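A.B. asks: A predicted structure for the sequence below; I have some questions about it.
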Amino acid sequence: FQHMPDNMRRALLVDEEPRDHKANLLIKEAGRVFMSHVAEGKNGMSYKSFYDVYLQPFMGCFSCPKTRFVLSSIDLDADGSLSWREWRFWCMWALRCFPEEIGNIDELHSVVLRNAIIPNSLVEGPTEIISADRLEKHIDELKK
């Protein structure tokens, strides 16, 4: 957690449940989908598995620098694998920020990738991970 902004660290550690019934069902389904791809005896998904399950439609190759950056931006604790808690953080963010765009599990995953993860890979200049708060502020500004 040493490189994670404080607000993201706090959000990751909180086991917040969605307030809305539909969002609650979606977060549970997202958890089932994620955990169905975690190898037995492991706590998280390998980068390659995550790429195969979620990123392949959005990123051209697994070993490309942009794909590696995207994977490391999801890996909030920088341990080389992706835990449900890390993916859940982004799913919760999407459910809070874009509830009107999410009607099913595929749309939830797509919103996370299109509105948070992929834009992080397009940042020009020094590589940095944009915090969820900064993304939300930017999205609010665009809506004005």
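C.D. replies: Good, I have the coordinates. None of these values were measured; they are calculated from a predicted model.

A.B. asks: How much space separates the residue nearest the centre of the chain from residue 63?
C.D. replies: In the chain, the residue lying closest to the centroid (Cα atoms, centre = their mean) is residue 90, at 3.5 Å. Distance, residue 90 to residue 63, by Cβ to Cβ, to the nearest Å: 23 Å. C-beta: built from backbone N, CA, C; applies to glycine.

A.B. asks: cool, and residue 79?
C.D. replies: 20 Å.

A.B. asks: which of these two has more neighbours?
C.D. replies: Each of residue 79 and residue 63 has its neighbours counted (other Cβ atoms under 10 Å); residue 79 has more, 12 against 8.

A.B. asks: How is the more buried one assigned, secondary-structure-wise?
C.D. replies: coil (DSSP: H, G, I helix; E, B strand; the rest coil).

A.B. asks: can you offset everything so residue one is 627?
C.D. replies: Yes, from this point I'll number from 627; that puts the last item at residue 705.

A.B. asks: give the contact list for it.
C.D. replies: Neighbour list for residue 705: residue 670 [criterion: Cβ atoms under 8 Å, 6 or more residues apart in numbering].

A.B. asks: where does it land on pLDDT?
C.D. replies: Looking at residue 705, its pLDDT is 87.

A.B. asks: and it, what are its phi and psi?
C.D. replies: Here is the backbone geometry of residue 705 (degrees, to the nearest 10): phi -100, psi 0.

A.B. asks: what does residue 709 give?
C.D. replies: phi -90, psi 160.

A.B. asks: Check the gap between it and residue 661 for me.
C.D. replies: For residue 709 relative to residue 661 (Cβ to Cβ), the value is 10 Å.

A.B. asks: who's more crowded, those two?
C.D. replies: The residue with more neighbours, out of residue 709 and residue 661, is residue 709; 20 against 11, by other Cβ under 10 Å.

A.B. asks: Name the nearest residue to the more buried one, sequence neighbours excluded.
C.D. replies: residue 670 (4.0 Å; Cβ to Cβ, 6 or more residues apart in numbering).

A.B. asks: Can you report how many residues neighbour that neighbour?
C.D. replies: Around residue 670 there are 22 residues (other Cβ under 10 Å).

A.B. asks: residues contacting it?
C.D. replies: Applying Cβ under 8 Å, 6+ apart, the residues near residue 670 are 664, 705, 707, 708, 709, 710, 712.
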